Every structure is written in C-alpha cells, then in structure tokens.
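> Okay, predicted coordinates and the sequence, questions at the end:
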Protein chains: 2
Amino acid sequence: MIHRLCIFGVGLIGGSLAQALRAAGTVQSVVGCSRSEANLVRAEELNVIDEYTLDPVAAIAEADMVVVATTLGATRSIFEKISQHLAPTTVITDVGSAKARVVDAARACLGKNINQFVPGHPIAGTEKSGVDAAFATLFRDHRVILTPLVETNRDALAAVSKMWRETGANVVEMDVQHHDDVLAATSHLPHMLAYALVECLAGMDESNEIFAYAAGGFRDFTRIASSNPAMWCDIAMDNRDALLAVLTSFTATYDKLVSALESNDKEQLVRIFTRAKDARERAVLKTP
Amino acid sequence: MIHRLCIFGVGLIGGSLAQALRAAGTVQSVVGCSRSEANLVRAEELNVIDEYTLDPVAAIAEADMVVVATTLGATRSIFEKISQHLAPTTVITDVGSAKARVVDAARACLGKNINQFVPGHPIAGTEKSGVDAAFATLFRDHRVILTPLVETNRDALAAVSKMWRETGANVVEMDVQHHDDVLAATSHLPHMLAYALVECLAGMDESNEIFAYAAGGFRDFTRIASSNPAMWCDIAMDNRDALLAVLTSFTATYDKLVSALESNDKEQLVRIFTRAKDARERAVLKTP
C-alpha cells in the first residue's frame, strides 16, 4: 500500500497511474503538483487526485512514493527543487520515454538519494495529452520498463515494480542505454516519420484535397502525428544520438526502396515488401 | 438492378462488392472468374458468388456488368481476353488503385467498347487479402472515385455510379491523372514508408527484441505494411511517376527534420511537429 503518492505532472500518464492505483485500492492519498493550477484543479474535479500544491517541496512532504510524470524537459528542474528535501525512505521514479539524460540529471541532482531513484518508462499512451485523456486501464497488459542503476536500492526497485504491477502492467528490467536504443527504433523513429509525412502532405498545393481523400490506412498511419509537439521535441532531443543512429538506418532502407522503384526493379520491391510483411506479422504476434 | 454481375478476382474488394450488392438486393446473379479455382470454390462456399468459371469469355456471357477486381498486373490481360466478346451494352469497370495505366490498357485493348468502360477506385480496404476477408459493409461511408474518360458513355457511368451507391459508398468523379497524384500522396507514399520502416527494423541485430517492445503506436503505424506485397508492387510500378514525385517531396521534408535534430534546432522541430499535428487534425475532421 502506498500511503501518500506524489505525482508531478498530472497528465495522461500521471493521471492514469493515479486512477489505476485508486481502482486497485493500493494508494491512500494522491497529491498532484505541476506548474499549471488549472490542470490541477481539473484533476481534483475528476477525482484523479485528493489535493494539490504548486510547491514541489510541499508536494513531497510525507510522500512515500514520488512519480515525475512531467515532460522530459521539466524533469531536471524538479530533481533540483526537491533534492534537498527528500526523506531517505522516499522512493522516486519517473516515466520518461528516453532514460539516459534523466539518469544523468538524477545523478547530478539527487546526491545520496540517487539510491532511492528507479528510472521507469511505461510503454503505453495515446496520441492525446492531459488529465482529461487519463483512464485507469491505460497500463493493463502493457509493458513497463524499469532501468535500475548500480546505485538503486533493491527495496526501492521492488516498490516501483509492485506499483506498476498493481496497474495491470508487465514489468521488465533493462539497461539504460539498451532501453534508449530499442525505443529509438520502435517508437521515436515512427513518430518522426509520421510527423514528416503529414508535414510533407500539408505543404503540397492540393493539401486540402489530399487530406479529404485520405483513407483509413492514412488515419492509422498518422495517428501518432497528433501527439504533443513539445513533448516529442523533448523526447527527440533527449534521445538524439540513438534516434540519429536509427534515422541513418532508415535512410539506407528508404533509399534502397526508392532506387528499386526508379530502376523498375520489381523483384527487389517484392522482396522488401514481403520481408516487411513477414516481420511485421511475427512482431504483432509477440506484442501483448 | 444488375441481372448478371461478372467479377474477375473475387478477393477482398470483389468479394465485398458482391456481398454488398446481394445484401442490398440489387443483383440477381454473380459469376466469379479468376486463375485460382481454389479461391472460386471458397467464394462459392461462402455464398459470395452463385457460380464460377475459369474461362473469361464464358464469364462475361450475358453479364450486364463486368468488374475487374484482380491485381493491377492482371488487368490488361483480362481486357485482351474479353475485348472481342463484349456485348455492346455490357458495362465494364475496375477497382485499381492507380488509373492511368489501366486507362492506357483499356484504350489499347477494348476498341469501340472503350465507351462502356468506367475506370473506378473504391477508397476502402484492409491489410488483409482474399475472399475470406470480404464483408458486405466494407464500402459503407467510404469514397469511390470514378475517373470517366471523354469516350465514356453517360449511361455506363450512371450504372457504375448507381452500383457503388448501393453499397453505401459516396461516389465522386475525378480526372485520371489527378486521381493518381492524390492517391500517390495519401495512400501509396504511406505504404512505402511503412514497408521501409519495418524492413529497416527487421534488419537490425536486435530486431526480435525491438519488435517485442513495439507498442500500439507501432502496430497502427505499420498495419499497412501487412498488405499484399505483389499487389503493392503492381500499384507502385503502375503509379511510378506520381509516386516518385511525392517521394521526392517526402525526402526534402525528412531531410529538414533530420537536419533540425542534428543541429539541435528545437524551434524547428516544434514547428514541424506542430504544423503536422494541426494538419492531421484538420484532415481527420474531413474524412468520413
């Protein structure tokens, strides 16, 4: 049982976590903290949190679990504000989509409390943002990746793992850099392609007509291009090196496909399409 | 009422058309024709067609409506086989995703019967193929684009338009080349990107793990990479010029995004992501 859960950033992820733990009956009280009072008022109205404060130090007082669920760009500043005020038994975790820079910031800011920090990333979400989009079952049957550090206290790790399992998620552990490489490929690269595609079509002369004739495949393909731009700028910048590496791989494959088309190489086109179809179908069988 | 509907290629599109017209009670009998007897036997078992033949000339006998719903690569050969045997009142249409080469083939093969030919393209489908994937409501509230030629008889156009409206579709007319340009942007380009993305990830050392951690966004984004490879090779080759033109546009946008990331240009990244999000949301409001 978590006695007092403090959530920084009560949006889709933070709000859904609070709702899931409330639904499971495994949290006694939830305090929200963010820079937007309007958002916190709304979260209280929706009964996602019990109370709120705009003061990070007040927010963590008596909390046994602190979850930083802001955008990545705001994470370091929260670590700085709370580092001198964390009780030695307070567990702290985050939900950032890229982990290496969060870990750098935690090491720089948290001092000896680094052993209470458990970096985390729930592989769940929708293209929507904000507490109005939150729902209690967001994490059910989804993976949550934890990337514990050499310094991480085993009890802190166990507490964060237990919290996520109580939301219905499957918790796995992974090395920090490996997490960032895998997510660059499976999530950050597809987002860049979806944004680039829609930006490309929006710039065409007949863009209004083009969008009018877009079919269901286009809608699915570009759903992730409706994601929050500031949040995705943070993710792209935080995971820049790994993302640039997979973009280089993508460029090579894309060039191979365009060359096949330019040179009328039907065998090569069918080979690429078939390998992709087979790989995609094996992949979907594996995902929950 | 269509008295005898002849469908070449009883797959997802041809099969769904037959089921939709049967459900609407606006067709008396349906004959299927393809190169695969197994497929035709299955279509008869599923009650999608009343009878079948492997002989194209026998298939069109007494048909008042002929629908060519094979892959694009097989269309010309069907025109060649039936052209000398078409009754002057038989209306012929197709469902190809690229229209210019179909029209070239029709002009080359159909002789004076070209005036009975109405090029068509239902903007509907799933990533699945084959008659087992067919269903009567596939076209409901979807657009069907007809690209009538200067030669096209107005009664033939009216008959094809009526047939599609009876499936619940919204029928619009468009110039052949304009159709191919619009579809290159909204459908063919996204398919190329989805295939290239999955091919790229499949070629990585840790591809099994990458696919295991793919989330729902990835699944949606790559759904169209499960489409039939041979069919998509035909579409890409048939609409090669228009597709290469939009690929060139995409390359420019993609390079702009990669450059912004390389040069840590956060303003440019947010600008691209925001324009894309706004355009995508306007687009989705417009689609049925």
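Ah, there it is. Because the structure is predicted, anything quoted here is derived from the model rather than measured. Numbers count the residues shown, from 1 in each chain, chains lettered A, B, ... in the order given.
> so A:L5 sits in a strand?
Yes - remark: A:L5 belongs to a strand, assigned using DSSP: H, G, I helix; E, B strand; the rest coil.
> list the contacts for it?
Taking Cβ atoms under 8 Å, 6 or more residues apart in numbering or on different chains, we find A:L5 in contact with A:A18, A:L21, A:V27, A:S29, A:V30, A:V31, A:A63, A:D64, A:M65, A:V67. Every C-beta, even on glycine, is put in place using the N, C-alpha and C of the backbone.
> Give the bridge partners for it, please.
Note on A:L5: beta-bridge partners A:V30, A:M65, judged by DSSP bridges.
> Mind giving me the PyMOL select for the contacts of A:L5, buried ones only?
In PyMOL syntax, the buried subset of the contacts of A:L5 is picked out as below (16 or more other Cβ atoms under 10 Å in any protein chain shown):
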select buried, chain A and resi 18+21+27+30+31+63+64+65+67
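> Of the contacts of A:L5, which is the nearest to chain B?
Comparing the contacts of A:L5 against chain B with Cβ to the nearest Cβ places A:V67 closest, at 19.6 Å.
> how about the closest one, secondary structure?
A:V67 is classified as strand under three-state DSSP.
> So it is in contact with A:V10, correct?
No - between A:V67 and A:V10 there is no contact under Cβ atoms under 8 Å: 9.9 Å.
> Mind checking if stretch A:267-284 is in reach of chain B?
Yes - shown here: stretch A:267-284 in contact with chain B (Cβ under 8 Å from any Cβ of the partner chain) through A:269-270, A:272-277, A:279-284.
> Same list (those residues) but as a markdown table, adding pLDDT and neighbour count.
Below are the residues of stretch A:267-284 next to chain B laid out as a markdown table (pLDDT from 0 to 100; neighbours: other Cβ atoms under 10 Å in any protein chain shown):
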| residue | pLDDT | neighbour count |
| --- | --- | --- |
| A:L269 | 97 | 23 |
| A:V270 | 97 | 17 |
| A:I272 | 96 | 25 |
| A:F273 | 96 | 28 |
| A:T274 | 96 | 17 |
| A:R275 | 94 | 17 |
| A:A276 | 93 | 27 |
| A:K277 | 93 | 23 |
| A:A279 | 89 | 23 |
| A:R280 | 87 | 28 |
| A:E281 | 85 | 13 |
| A:R282 | 82 | 13 |
| A:A283 | 76 | 25 |
| A:V284 | 69 | 15 |
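> Run through the stretch 151-288 of chain A and note the low-pLDDT ranges.
A:215-216, A:284-288 (pLDDT under 70).
> Now do the helices in it.
A:154-165, A:176-183, A:189-202, A:207-212, A:216-222, A:229-238, A:240-262, A:266-286 (DSSP state H, counting those that start in this stretch).
> For the contacts of A:L5, which two are the farthest from each other?
A:A18 and A:D64 (14.7 Å; Cβ to Cβ).
> Which stretch among the helices of the stretch 151-288 of chain A is buried most, on average?
helix A:189-202 (a mean of 25; mean count of other Cβ atoms under 10 Å in any protein chain shown).
> on contacts alone, who are the packing partners of that one?
helix A:207-212, helix A:216-222, helix A:229-238, helix A:240-262, helix B:189-202, helix B:216-222, helix B:240-262, helix B:266-286 (3 or more Cβ pairs under 8 Å, 6 or more residues apart in numbering or on different chains; DSSP states H and E).
> could you dump it to CSV, C-alpha only?
Written as CSV, here are the backbone C-alpha positions of helix A:189-202 (Å, rounded to 0.1, in the frame of the first residue of the first chain):
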residue,chain,number,x,y,z
LEU,A,189,11.6,6.8,-35.4
PRO,A,190,7.9,6.0,-36.3
HIS,A,191,6.9,9.3,-34.7
MET,A,192,9.5,11.2,-36.8
LEU,A,193,8.2,9.5,-40.0
ALA,A,194,4.6,10.2,-39.2
TYR,A,195,5.3,13.9,-38.4
ALA,A,196,7.4,14.2,-41.6
LEU,A,197,4.7,12.6,-43.7
VAL,A,198,1.9,14.8,-42.6
GLU,A,199,4.2,17.9,-42.8
CYS,A,200,5.1,16.9,-46.4
LEU,A,201,1.5,16.5,-47.4
ALA,A,202,0.4,19.7,-45.6
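> How far off centre is that helix?
Mean-position distance between helix A:189-202 and its chain equals 19 Å (Cα atoms, centre = their mean, to the nearest Å).
> One more: stretch A:79-96?
For stretch A:79-96, the distance to the chain centre is 19 Å (Cα atoms, centre = their mean).
> What are the phi and psi values at the residue in the stretch 1-150 of chain A that chain B sits nearest to?
The nearest approach of the stretch 1-150 of chain A to chain B comes at A:I123, 4.6 Å away (Cβ to the nearest Cβ). Main-chain torsions, A:I123, degrees, to the nearest 10: phi -90, psi 70.
> SS state for the residue positioned nearest the centre of chain A?
Residue closest to the average C-alpha location in chain A (Cα atoms, centre = their mean): A:S97, at 3.8 Å. Look at A:S97: counting by three-state DSSP, its state is coil.
> quick one: contacts for A:S83?
Contacts of A:S83 by Cβ under 8 Å, 6+ apart are A:C109, A:L110, A:G111, A:N113.
> can we see that at 10 Å?
Contact analysis of A:S83 by Cβ atoms under 10 Å, 6 or more residues apart in numbering or on different chains lists A:I92, A:A106, A:A108, A:C109, A:L110, A:G111, A:K112, A:N113, A:I114.
> top of the residues you listed by neighbour count?
A:I92 (27 neighbours; other Cβ atoms under 10 Å in any protein chain shown).
> got the CA positions of the helix or strand encompassing that one in CSV?
Using DSSP states H and E, A:I92 maps to strand A:91-94. In CSV, the C-alpha atoms belonging to strand A:91-94 read as follows (Å, rounded to 0.1, in the frame of the first residue of the first chain):
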residue,chain,number,x,y,z
VAL,A,91,11.1,6.3,-3.4
ILE,A,92,11.3,8.4,-6.6
THR,A,93,10.6,7.2,-10.1
ASP,A,94,9.8,8.8,-13.5
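> Pull up the pairing partners for it, direction included.
By DSSP bridges, strand A:91-94 pairs with strand A:65-68 (parallel), strand A:117-118 (parallel).
> And the next helix or strand past that strand?
helix A:100-109.
> mean confidence for that following helix?
Helix A:100-109 carries an average pLDDT of 96.
> Would you check that the residue of the stretch 1-150 of chain A closest to chain B makes contact with A:W164?
No - contact criterion Cβ atoms under 10 Å: A:I123 and A:W164 do not qualify, at 11.0 Å.
> Could you name every residue contacting both of those two?
A:F139, A:H142, A:R143, A:V144, A:I145, A:N170.
> The closest residue to the last one other than its chain neighbours: neighbour count?
Just to be clear, that refers to A:N170. Once flanking residues are discounted, A:N170 sits nearest to A:R143: 5.2 Å by Cβ to Cβ, 6 or more residues apart in numbering or on different chains. Neighbourhood size, A:R143 [other Cβ under 10 Å]: 20.
> residues contacting A:R143?
Counted by Cβ under 10 Å, 6+ apart, A:R143 has contacts A:121-124, A:164, A:169-172, A:174, A:287-288, B:212-213, B:215.
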